[in-house]
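Student: how would this look folded up:
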Amino acid sequence: MALSDDIRPMEARSVETIPVGPQWQYEPKWDGFRCLLMRSGGQVALLSKSGQPLARYFPDIVAAAKAVGATEFVLDGELVVQTGRSVSFDALLQRIHPAKSRVDRLSQETPATFIAFDLLGERKPLLKEPLTSRRKALEAFARKHFKRVPSFRLSPATRELREAKAWFARAGDALDGIIAKRVDQPYASGERTPSMVKIKNYRSADCVVGGFRYNSGTKVVGSLLLGLYDKKGLLHHVGYTSNLKAHEKPALTKKLERMIAPPGFTGDKPGGPSRWNSKRSAEWNPLRPELVVEVSYDHFNGGRFRHGTSLLRWRPDKAPAQCTMDQLKQKRANLESILS
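Tutor: Model (predicted):
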């Protein structure tokens, strides 16, 4: 099977409770970068969830892929950086750097791991095969090749609800929750279908940074203005996040100032003082819609996040166009139901 950029990761829908039944397989939801790894002969490609190439940032994984005995395969998995017994998203984020010298150094200091959870092809495509067949093929592939390549790991999977609940109880740190997949369904490339769902213990959304405000009386960034696209492709201001790390603000301010460009938001725009904060400045700086952040939130109504949000992480692996209102259909995981 030749390398192809036509394959895109199958995406999961957010649901409130773990689905139950013999048709479901459960897997951990890892806290890393989703990645399709493709090898064809001496060529290796790593593609992010948005289809962006990642190989230049992970030369260690490219080298590991070339050490695998098979020469024609496509794996779906997660890139993580392990620190001790856990994984570090911050360390993973550091790998996305323009300087090759730094990338090469970090690939030695903080080597990445590829956790495989699906085999989409080995010499021939497997996308149309049900998950049961693909999982058997993946396990056989891992037994044959992964022992000689420590950077490659097989993600566990189970049909046991009790084990899935135990994974969910440990969510946080290395795990972001759990994934449930229908075992009788094919791989839906680039689609978000009911046959693959995710359960997280918080509500989150990926947002475009459409602008920023300075701290009152200073020229240091104080808050990021968040945007989401509607079905017409308009970017609407939906709220803000301000829990920025103090020591990172000077460098972030310089980065944002280089990106100032109108209009910032093409739909609803930030307002001035409100009934919640009469002192808030109406002045804000529009940005090119290129940066993506993941934020957690409690409520969304009236077209806005209420009570602010909490910045979880920057997402250079996500395309701004993926930051749509559809994400807000997700629900907070029902802990009582899941952990009972």
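Student: where does Gln330 land on pLDDT?
Tutor: Listed pLDDT for Gln330 reads 59.
Student: what ranges do the strands span in the stretch 1-150 of the chain?
Tutor: Shown for the stretch 1-150 of the chain, the strands assigned by DSSP state E, counting those that start in this stretch span residues 11-14, 24-30, 33-40, 43-47, 72-83, 86-87, 112-122, 124-125.
Student: Packing partners of the first one?
Tutor: Judged by 3 or more Cβ pairs under 8 Å, 6 or more residues apart in numbering; DSSP states H and E, the packing partners of strand 11-14 are strand 192-199. (Each C-beta comes from the backbone N, C-alpha and C, glycine too.)
Student: Pull the distance from the helix or strand following the strand it packs on to the chain's centre.
Tutor: Per DSSP states H and E, the first helix or strand lying C-terminal to strand 192-199 is strand 204-214. The chain centroid and the centroid of strand 204-214 are separated by 16 Å, computed with Cα atoms, centre = their mean, to the nearest Å.
Student: Could you list every helix and strand that strand 204-214 packs against?
Tutor: If you count contacts as 3+ Cβ pairs under 8 Å, 6+ apart, strand 204-214 packs onto strand 221-229, strand 235-241, helix 249-257, strand 285-286, strand 292-296.
Student: hmm, 7 Å instead?
Tutor: Helices and strands touching strand 204-214, by 3 or more Cβ pairs under 7 Å, 6 or more residues apart in numbering; DSSP states H and E, are strand 221-229, strand 235-241, strand 285-286, strand 292-296.
Student: And the pLDDT at the nearest residue to Leu106 once chain neighbours are set aside?
Tutor: Leaving out its chain neighbours, the residue that sits closest to Leu106 by Cβ to Cβ, 6 or more residues apart in numbering is Arg95, at 5.6 Å. Listed pLDDT for Arg95 reads 93.
Student: Was I right to think Arg95 contacts Arg105?
Tutor: No: contact between Arg95 and Arg105 fails when scored by Cβ atoms under 7 Å: they sit 10.5 Å apart.
Student: neighbour count winner among those two?
Tutor: Arg95 (23 against 12; other Cβ atoms under 10 Å).
Student: what's near enough to touch that one?
Tutor: By Cβ atoms under 7 Å, 6 or more residues apart in numbering, Arg95 lies in contact with 57-58, 103, 106, 112.
Student: which stretches of this structure have low pLDDT?
Tutor: Applying pLDDT under 70 to the chain flags residues 1-5, 172-174, 272-282, 330-340.
Student: What lies in contact with the lengthiest helix in it?
Tutor: Longest helix of the chain, by residue count under DSSP state H: helix 131-145. Residues from elsewhere that reach helix 131-145 (Cβ under 7 Å, 6+ apart): 25, 68-70, 116, 118-119, 122, 126, 154, 157, 181-183, 185, 187.
Student: okay, the angle between that helix and strand 72-83?
Tutor: Angle, helix 131-145 to strand 72-83, by axes from the mean of the first three to the mean of the last three Cα atoms, to 10 degrees: 70 degrees.
Student: distance between helix 131-145 and the chain's centre?
Tutor: 24 Å.
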